[in-house]
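Novice: My questions are about this predicted structure, shown below with the sequence.
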Amino acid sequence: MVTKVYFKEIMNEMGMEFFAQKIKELRDSRGLSTRLMGEIIGVSHVAISYYENQKREPTLSVMESYSKYFNVTLDELCGMNRR
């Protein structure tokens with residue numbers, strides 16, 4: 001289970017760049033708009049844009065929503081499997 005402290009460490013270590021690229025790639029692969037993606041995971045389309053452009057760091061609950069929707073692990077979303 002990922003804790004908030006561990007999540008922050010992951011995001012600090014791996015940076016937002018990989019996460020931002022990965023969520024955009026996943027969203028685009030499904031043909032989803034930022035508006036629809038926001039509705040699916042429960043945030044605004046502006047928040048989705050901010051995540052994808054590295055202007056805002058997502059919360060752990062947002063990351064978990066992405067993980068569940070796209071059926072990927074949090075490690076995959078953060079690039080931890082690239083080590």
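Specialist: Perfect, I can see it now. Numbering: from 1, shown residues only.
Novice: what's the offset of stretch 62-75 from the middle of its chain?
Specialist: 7 Å (Cα atoms, centre = their mean, to the nearest Å).
Novice: May I have stretch 46-59 as CSV, with CA atoms only?
Specialist: Extracted in CSV, the C-alpha atoms of stretch 46-59 (Å, rounded to 0.1, in the frame of the first residue of the first chain):
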residue,chain,number,x,y,z
VAL,A,46,-8.3,22.4,-15.8
ALA,A,47,-6.8,20.1,-13.1
ILE,A,48,-6.2,17.5,-15.8
SER,A,49,-4.4,20.0,-17.9
TYR,A,50,-2.3,21.2,-15.0
TYR,A,51,-1.2,17.6,-14.2
GLU,A,52,-0.3,17.0,-17.8
ASN,A,53,1.6,20.3,-18.0
GLN,A,54,3.4,19.8,-14.7
LYS,A,55,1.8,22.8,-13.1
ARG,A,56,0.1,21.0,-10.3
GLU,A,57,1.1,17.8,-8.4
PRO,A,58,-1.8,15.3,-8.1
THR,A,59,-3.0,14.0,-4.7
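Novice: Check the secondary structure at the closest residue to Glu17 other than its chain neighbours for me.
Specialist: Excluding its sequence neighbours, the residue lying closest to Glu17 (Cβ to Cβ, 6 or more residues apart in numbering) is Gln54, at 6.5 Å. Every residue, glycine included, has its C-beta placed from N, CA and C. Of the three states, Gln54 takes coil under DSSP: H, G, I helix; E, B strand; the rest coil.
Novice: residues near Gln54, how many?
Specialist: 13 (other Cβ atoms under 10 Å).
Novice: again, but for Leu26
Specialist: For Leu26, the count of nearby residues is 18 (other Cβ under 10 Å).
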